[in-house]
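> For reference, the sequence and a predicted model appear below.
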Number of protein chains: 8
Amino acid sequence: MSDPEALKQLLEAVAQGVVSPQNALTELKHLAFEAVGDFAKIDHHRQLRTGFPEVIWGPGKTPDHIAQIMQTMGDRHPVVMATRIDVETYHQLQPKVHNLTYFPEARICALIQAPPQVRHRGTISILTAGTADLPVAEEAAVTAELSGFAVNRLWDVGVAGIHRLLSHRHVIEQADVLITVAGMEGALPSVVAGLADCPVIAVPTSVGYGVSFGGVSALLTMLNSCAAGIGVMNIDNGFGAAILAGQILRTAARLR
Amino acid sequence: MSDPEALKQLLEAVAQGVVSPQNALTELKHLAFEAVGDFAKIDHHRQLRTGFPEVIWGPGKTPDHIAQIMQTMGDRHPVVMATRIDVETYHQLQPKVHNLTYFPEARICALIQAPPQVRHRGTISILTAGTADLPVAEEAAVTAELSGFAVNRLWDVGVAGIHRLLSHRHVIEQADVLITVAGMEGALPSVVAGLADCPVIAVPTSVGYGVSFGGVSALLTMLNSCAAGIGVMNIDNGFGAAILAGQILRTAARLR
Amino acid sequence: MSDPEALKQLLEAVAQGVVSPQNALTELKHLAFEAVGDFAKIDHHRQLRTGFPEVIWGPGKTPDHIAQIMQTMGDRHPVVMATRIDVETYHQLQPKVHNLTYFPEARICALIQAPPQVRHRGTISILTAGTADLPVAEEAAVTAELSGFAVNRLWDVGVAGIHRLLSHRHVIEQADVLITVAGMEGALPSVVAGLADCPVIAVPTSVGYGVSFGGVSALLTMLNSCAAGIGVMNIDNGFGAAILAGQILRTAARLR
Amino acid sequence: MSDPEALKQLLEAVAQGVVSPQNALTELKHLAFEAVGDFAKIDHHRQLRTGFPEVIWGPGKTPDHIAQIMQTMGDRHPVVMATRIDVETYHQLQPKVHNLTYFPEARICALIQAPPQVRHRGTISILTAGTADLPVAEEAAVTAELSGFAVNRLWDVGVAGIHRLLSHRHVIEQADVLITVAGMEGALPSVVAGLADCPVIAVPTSVGYGVSFGGVSALLTMLNSCAAGIGVMNIDNGFGAAILAGQILRTAARLR
Amino acid sequence: MSDPEALKQLLEAVAQGVVSPQNALTELKHLAFEAVGDFAKIDHHRQLRTGFPEVIWGPGKTPDHIAQIMQTMGDRHPVVMATRIDVETYHQLQPKVHNLTYFPEARICALIQAPPQVRHRGTISILTAGTADLPVAEEAAVTAELSGFAVNRLWDVGVAGIHRLLSHRHVIEQADVLITVAGMEGALPSVVAGLADCPVIAVPTSVGYGVSFGGVSALLTMLNSCAAGIGVMNIDNGFGAAILAGQILRTAARLR
Amino acid sequence: MSDPEALKQLLEAVAQGVVSPQNALTELKHLAFEAVGDFAKIDHHRQLRTGFPEVIWGPGKTPDHIAQIMQTMGDRHPVVMATRIDVETYHQLQPKVHNLTYFPEARICALIQAPPQVRHRGTISILTAGTADLPVAEEAAVTAELSGFAVNRLWDVGVAGIHRLLSHRHVIEQADVLITVAGMEGALPSVVAGLADCPVIAVPTSVGYGVSFGGVSALLTMLNSCAAGIGVMNIDNGFGAAILAGQILRTAARLR
Amino acid sequence: MSDPEALKQLLEAVAQGVVSPQNALTELKHLAFEAVGDFAKIDHHRQLRTGFPEVIWGPGKTPDHIAQIMQTMGDRHPVVMATRIDVETYHQLQPKVHNLTYFPEARICALIQAPPQVRHRGTISILTAGTADLPVAEEAAVTAELSGFAVNRLWDVGVAGIHRLLSHRHVIEQADVLITVAGMEGALPSVVAGLADCPVIAVPTSVGYGVSFGGVSALLTMLNSCAAGIGVMNIDNGFGAAILAGQILRTAARLR
Amino acid sequence: MSDPEALKQLLEAVAQGVVSPQNALTELKHLAFEAVGDFAKIDHHRQLRTGFPEVIWGPGKTPDHIAQIMQTMGDRHPVVMATRIDVETYHQLQPKVHNLTYFPEARICALIQAPPQVRHRGTISILTAGTADLPVAEEAAVTAELSGFAVNRLWDVGVAGIHRLLSHRHVIEQADVLITVAGMEGALPSVVAGLADCPVIAVPTSVGYGVSFGGVSALLTMLNSCAAGIGVMNIDNGFGAAILAGQILRTAARLR
């Protein structure tokens, strides 16, 4: 009785006297959560409406499993994407899923019905400190583009060569929302947030060695930033950064 | 020569032949950084324009020092606030600074020329998991209100009593941006982000004991959330959450 | 419309034709969560029924706040208890709350309408490695007793003097559920679980110095135990251990 | 002289004057531990009686070694199982051990004389937050089933989609004991324990990346849970969770 | 029936026909552990015989508690000592315990019936890296002396001034067992063990700041030492070092 | 308009009345950072002037990528080097880059136009504690030599055999700047800094096992050294040590 | 026989036939370390010669102890200083030590025979990220000045307001050696080292909250810096930074 | 001039008037450390005398390197051993080194001139908690045996089956020195030290999973043991345990 139709039938049966109010009450006892099942569908609709693609987290799933989920989702969603897909897994997916697109640097596999178009106002600007941070930045960029957002890429502008960063100051100034991606000491977001007049998202990467501790040091730097108001992500989580950036731009659209 | 007026005078002197191009060039040599000093003022203006209050981080400063900075800033800014001010420090500040307002739960001291009004579209909704998280949540709330944003408070809706949270689902659904504040296991943002359709900011608090490690456990929970796109703050950083939330709403306004 | 009565009235209005099924459906749309509010009440009843006392976690609450909550709860609950209450806080609570009982070693304050009696089958046996672990063990013991369970205390039977422990082997053998409390290296649960034929709960304490790291070392020992099936609690969490032990005995009673 | 028979013979020899009390005293000197050796046998019997299978922890043992232990144990035990056995090790074990059963997802190899039947009252309900937590959950499930307990599986009901969990609320409500398995932020047990009225066991898994720290973050979440009374296991320790759950149901049976 | 006398009486009663073998068997059923209780007494004797003083760990005990234990033990032991006793606790103990001796630097309180004499062959040489390590070194020295061992003190010979250490090389060469005490980087044991031809015990101290992490850094240094065969103690555990050194010298005496 | 020439032309146009001061002001608005772009070029020149080779950090770059960067840089720089290049990568680079030199122990690949000569006063002395620290020490040595500095190598003089170190005391005494390289407990710099009268740089290595934690223990030792004034590097960062040592000697030359 | 005079007498006795070469050889057997005692004196002279003040680390020493050491040293050294001396300790030292100078911000107490003069070429420039880093920076500055070096102070130029830093670029460019002091995220040294052409020393401070972990986060940032060649100090170790900076300038002087 | 012969020649030259005392003094200036070089040789002799084998730590050395060192040492030492040698490395060493013996479980390769005999009084008893701890225990056992000590092995007596341990109590009681080897929770040494009357050495192993953290948990347990006087080793350091045990027995022999 989890769908509205069933609920409607019950109420009609009450109206027709076929079911007594008392018996309906009993039957409705667990309605709350069956109705919740209904809300889950509405959530489902919400996800379609927002334009964020359906996403499968790749690690720990077999290629067969990923392929099956992608195809099932692909029937009802314009874009379905799987993250953290290495080249080998892609080669195993390719024969199983028709029309698969692979973004090697972003390590994203996607099932795209139509070329993604910019469907939202505003631009997401993505900066990296070094070239080794690129895979994480591309995960963010591709996720954002597949979600219908315009993306502005700016690579290799780390703080140890501050002029490289400052010479691109207009990118920071004109951004609607900024994603900063950095490994090693992870100082880029602090400097960027001091220059920007928009929300800044920071993604630490696992780039580095020794006491970079696989990105923990960069993460701590970002959380401790003396530049107020930076939203920090888990290490290497470019995908999450794109989702937050997209939510920010969608909120902007909704508030109009 | 760091302000535009001085720069304009130099250029006019060149136009009038009073200063040769060569001498002007020499004088302009360090312009970049004097002009940078200029940008710093513009930044300053930007800060006035954005409506974020001038903020002094209290810890490690003497009451005399705080008082002096507040008064100097107070001449040029409608709102000046100092964070992490305990009651004792407030009592020492009170005789030194005229018209001081104290928000005891938020531990914020402010110099306010006129009662802050809501000057921005959108509402910042703030949720706490428990009552002990209140000081951090109030730091966020007061900062947001002093910055001209409308705030919606919802306390004590932790996940161990999920119905308390769900019964306020409309708050989550109608939010423009959400700040979730939680200590102990810090699971609130995960559940909220699964229900919300707007940017979610998470603030871990130092509430807890044993392996809560002063908020580190809650922080890790938030960074690891399987709900994508949560922007995480340093432990107890309610202030930073408010700044990010404010930036998000301002971006929305700017994109219109 | 969050209570069953309101729901019943709606259904009767449908039966009487006063409200159409379609309108009722609309009105029921948000029922799920209002009904959830209803479940919360049922949860409330469940708590009364199970006999676990209402519990207030003391830290971070003012004596006034604690007193107010205790009195409000005291009207509807036979036992209300507050944990982690030091002597000073107790002295501040005493004049504010009538008939307050204080358990100094357990650091528990309780409002008890009638002397707690053993209302459940089975005994909870509590063992400590040293005398310094006593406050945590007493927190467990008093919680269990206030919840209506019989408690068997056995203090200072740490593994460095294994014969002390073995000479009380019958306590371990006859236990229905065991709570083992240990600081320093925390090895007691491993030995006990090897001897016992019932569920074993382990509580690490913050007793120790140097690399005991405030109980973390004991916690790790318990989680790594080569004796299978030990349920581990947060450091110093005697209260939680008692709740789990109580749940185990209640389950036993329910399965009969 | 480690068995009661030998002890009886000695005492009879004393009664008959064949052995002097003094000599018997000398001979009894080490009796305590020879008798302890006797108790070890009784322990051995206890293990047979309880129905928990004999278990071999696979890691660090050669296939030959595992095969030999399984066969020796198999002579006297209806069920012998080895945990953490990957597919390759299984393929090496297969030709060496007759009638071997392999549970690939649970990574358990077992020697089963007769199909395991439910021999205990009560059901162990196992929930996972995600599909990647399955191997750990299956380790728990298979261990429980081989021990003669009924198991109820409920996969992929993580808190970020709270309605999925709530729509299965009856599983939680009707459970006799609950095992919750979660990686990443590990918030599932907190929500479940808030809904349940039975003992809750939590198993963190190593699923996640970045600051999930191989399951440590989920572990901390579970230990810090604001829902009181959760018994926590080591990371990925599905086996231990099943043993504790089994002990809980057996206690129930014994208390009757 | 836990002492040998009682056991002997039982056996004699069997020999005299007063108790039947069958009844004796029943009575002996729990002998193992009662006899274990007997062994515990023997352990007790062992402790008296070895000359190690009875020791009470001070932290977490009230002065009343410590006083009571000291007096009870004092009746049967020539030396009773309590460790980690600060000056204030000593002042509270003094009026309660007759003839109390206090070693302020070692923070040890002792009840000594006769001045301790050197009763064992061999000398325990104790070296510290700095003067701030003195309290820990004195805890070791006083413990050793109260246990009847000769002690050789050598303070402030840290490795940053290697000549100070080398100029006392004969102390290292002539030592029977060495205790090295060091905070900060804790490098002293590595150098000493390279020079010594006897067992070397290392005690890290909590002296230092920043990343000394309260002695953890010194501890790690000692555990990682490239000089093989150093036995490491917990941070600030001078007492334990003295016990191990004493055991080493007693073993030497026993092997003769 | 980022170079001085363009700026001069603008000023002359103002002098000639071709451009009004107002328009020039507008055009100069972004000058600061275009001029900053100019400074970046000057920085570039500085790097050529100082003689430090251009350096590419190898990890995370494809051989194609490294080859391309090396060749581009090689046109304008006498020495271009890539660090952390393993043998396999070198074999992939060799056919792509002409005249490549490989230093296998140092894991450095270099493009060298002319054999590097000593172009600076002073010697960099490099000491290792063990032979396993050699790759890190060689990374420092080769970097220094390619930068034009004289290097003095002294391997395997760890503190557990203090005489080996002391017998080479003249190396320490005659050094202009010392690089000490050590894994395991990392105590070498403390002893060396106590003997030296020049700047001491310390590089922890990842050599060790157990609680060496991949070099973290050695790092902590060096940071906590009681010998004042040691400059510490990240784990295994021989390259950075050479750069700092080079800067020190260049400063010496500049101060003359 | 540890001084040269004694050695000379022995050799003369050999020359005069009073002592045979064989006997002299025997007597010289332990000369090495007695002679080492001699070297220790030379080290002592070295310390006087270099002009670094004699330094006492205050923590863990009583005021009486500190006073006594200062006076003893004061007889032979022009400058004696004690670090980490809080105001209270100073007030206790003042009546005991004649002519004591106190630097409250640097928390340094000094016994100075004559006003320190600049006795070395070169300037030590010290930068702080925030005002709260001042005590550590002043510890470095006062140490350097008491050692006879010129100091250039530049406070509050953190990277979140990059223009403040860039507007003082000439300080960085003209520095002979730079000490950068920063808490929170500690990113200042990375930016400074990218701009500087001299050795850069980094001192993390314990300024911050939450995951600043008392300076550990800033320390990690500095060790991970992508700007090569930064020498890092322990947390809050301003003193050590000054000693290293002084060694660098003294090396410069010596190389001339 | 580092050998005694050279020193003797110098002294004879002085006696013969060939070298003046003054010139000899000058020449002797650096004698201290050349003489120290002499002491190094004496150390060398000490190592031969003590009977500890020459040891090469295998990791990070090529088979060629290990082979060369073994052969060089083999000329002058009756036993030369290399630790941490896996089977593959052994197969590479075998053709290069004549008469090589391999101990596969201990992972030790040795060059033994004559079968090692027991040359010291006393027995080293080695206990392991589980069978997976065997490689570490065998490293200790083989090292001890190659050093001429008698070894008593007792495997698989972990504390979760306390009777197994207690049934071998005589081994513990009769031991002269005990090495306890345990992974997982590492509780064995605590129980053993409570029963033993001789020095106890504890070796944590990396056996375990999850929060065993590669042996760190076992290490912490051992350092925190409430049984006083346990000497703890680095994780998996069976070799070091044997050396310490050997030193203890040798001290015993020397004290006679």
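Looks like it arrived, so ask away.

> quick one, what contacts the residue nearest to A:Ala252 when sequence neighbours are not counted?
Once flanking residues are discounted, A:Ala252 sits nearest to B:Ala252: 3.5 Å by Cβ to Cβ, 6 or more residues apart in numbering or on different chains. The way it works is simple: take the backbone N, C-alpha and C, and place the C-beta from them, glycine included. When contacts are counted by Cβ atoms under 8 Å, 6 or more residues apart in numbering or on different chains, B:Ala252 touches A:248, A:251-256, B:121-122, B:176.

> what do you get for A:Val87?
Here A:Val87 is in contact with A:Pro104 (Cβ under 8 Å, 6+ apart).

> give me phi/psi at it?
phi -60, psi -40 (degrees, to the nearest 10).

> What's opposite the closest residue in space to A:Gln94 that isn't next to it in sequence in the beta bridge?
Closest residue in space to A:Gln94, ignoring its immediate chain neighbours: A:Leu100 at 5.8 Å, by Cβ to Cβ, 6+ apart. Beta bridges link A:Leu100 to A:Leu111 when assigned by DSSP bridges.

> right, and A:Leu100 touches A:Leu111 too?
Yes - using Cβ atoms under 8 Å, A:Leu100 and A:Leu111 qualify as a contacting pair, with a distance of 6.3 Å.

> Identify the contacts common to these two.
Common contacts of A:Leu100 and A:Leu111, defined by Cβ under 8 Å, 6+ apart, comprise A:Met70.

> Specify which residue of the two has the higher count of neighbours.
Between A:Leu100 and A:Leu111, counted using other Cβ atoms under 10 Å in any protein chain shown, A:Leu111 has the larger neighbour count: 23 against 20.

> ok, A:Gly130 - contacts?
A:156, A:158, A:182-184, A:207, G:226.

> And the closest residue to chain F within chain A, how far from chain E?
The nearest approach of chain A to chain F comes at A:Gly210, 3.2 Å away (Cβ to the nearest Cβ). Noted for A:Gly210: a distance of 14 Å to chain E, by Cβ to the nearest Cβ, to the nearest Å.

> cool, A:Ser217 as well?
According to Cβ to the nearest Cβ, A:Ser217 stands 14 Å off from chain E.

> number of nearby residues for that residue?
A:Ser217 sits with 27 neighbouring residues when counted by other Cβ under 10 Å.

> Quick one: find the helix or strand in chain A with the lowest mean pLDDT.
helix A:31-50 (a mean of 38; mean pLDDT, DSSP states H and E).

> Can you classify the residue nearest to A:Ala252 as helix, strand or coil?
For B:Ala252, the assignment made with DSSP: H, G, I helix; E, B strand; the rest coil gives helix.

> And the helices in chain A, which stretches?
Assignment of helices within chain A using DSSP state H yields the ranges A:4-15, A:21-28, A:31-50, A:63-74, A:87-93, A:134-146, A:162-166, A:169-174, A:188-195, A:216-223, A:238-255.

> Select, out of the ones you listed, the one closest to D:Thr72.
In terms of Cβ to Cβ, the element of these nearest to D:Thr72 is helix A:63-74, at 38.7 Å.

> so who does A:Val142 touch?
Neighbours of A:Val142 in contact, by Cβ under 8 Å, 6+ apart: A:81, A:103, A:106, A:108, A:110.

> ok, for it, nearest residue in space, not its chain neighbours?
Using Cβ to Cβ, 6+ apart and skipping the chain neighbours, the partner closest in space to A:Val142 is A:Ala106 (4.1 Å).

> okay, now that neighbour: neighbour count?
By other Cβ under 10 Å, the residues close to A:Ala106 number 26.

> Quickly note the distance from it to H:Phe103.
Applying Cβ to Cβ, to the nearest Å, the value for A:Ala106 to H:Phe103 is 51 Å.

> Could you give the number of residues near A:His91?
For A:His91, using other Cβ under 10 Å, the count is 11.

> Show me which residues of the stretch 151-256 of chain A sit near chain F.
Taking Cβ under 8 Å from any Cβ of the partner chain as the contact definition, the stretch 151-256 of chain A meets chain F at A:161, A:163-164, A:166-167, A:169-170, A:207, A:209-212.

> Can you tell me which of the residues you listed is nearest C:Val232?
Distance to C:Val232, by Cβ to Cβ, is smallest for A:Val211 among those, at 30.8 Å.

> Tell me the confidence at that closest one?
Note on A:Val211: pLDDT of 95.

> Same question for A:Leu10.
Confidence score, pLDDT, at A:Leu10: 75.

> now it, nearest residue through space, not along the chain?
Nearest to A:Leu10 is A:Ala24, by Cβ to Cβ, 6+ apart, at 6.0 Å.

> how about that neighbour, what does it touch?
A:10-11, A:13-14, C:11.

> Widest-spaced pair of the residues you listed?
For the contacts of A:Ala24, and using Cβ to Cβ, no pair is farther apart than A:Ala13 and C:Leu11, which are 10.8 Å apart.

> which of those two has more neighbours?
Each of A:Ala13 and C:Leu11 has its neighbours counted (other Cβ under 10 Å); C:Leu11 has more, 26 against 18.

> The more buried one touches A:Val14, doesn't it?
Yes - C:Leu11 lies in contact with A:Val14 (Cβ under 8 Å); the separation is 5.8 Å.

> got any residues that touch both of those two?
With Cβ under 8 Å, 6+ apart as the test, C:Leu11 and A:Val14 both reach A:21, A:24.

> List the contacts of A:Ala187.
So A:Ala187 contacts A:129, A:158-159, A:221, G:159, G:185, G:187, G:190-191, G:221 (Cβ under 8 Å, 6+ apart).

> ok, these vs A:Pro53, which is closest?
Among the contacts of A:Ala187, and counting by Cβ to Cβ, the member closest to A:Pro53 is A:Ala129, at 27.3 Å.

> quick one: the closest residue to A:Asp176 other than its chain neighbours and chain E, what's the gap?
If the residues on either side of it in the chain are set aside, A:Asp176 comes closest to A:Gly122, at 3.8 Å by Cβ to Cβ, 6+ apart. The gap separating A:Gly122 from chain E is 44 Å, by Cβ to the nearest Cβ.

> One more: A:Thr221?
Distance from A:Thr221 to chain E, by Cβ to the nearest Cβ: 17 Å.

> Show the contacting residues for that residue.
Counting by Cβ under 8 Å, 6+ apart, A:Thr221 has contacts A:185-187, A:190, A:204, G:185-187, G:217, G:220-221.

> how is chain A carved up into domains?
Here the domain assignment for chain A is A:1-31, A:33-112, A:123-255, based on automatic domain parsing.

> and among those, the most buried is which?
Ranked by mean neighbour count, the domains of chain A are led by domain A:123-255 with a mean of 26 (mean count of other Cβ atoms under 10 Å in any protein chain shown).
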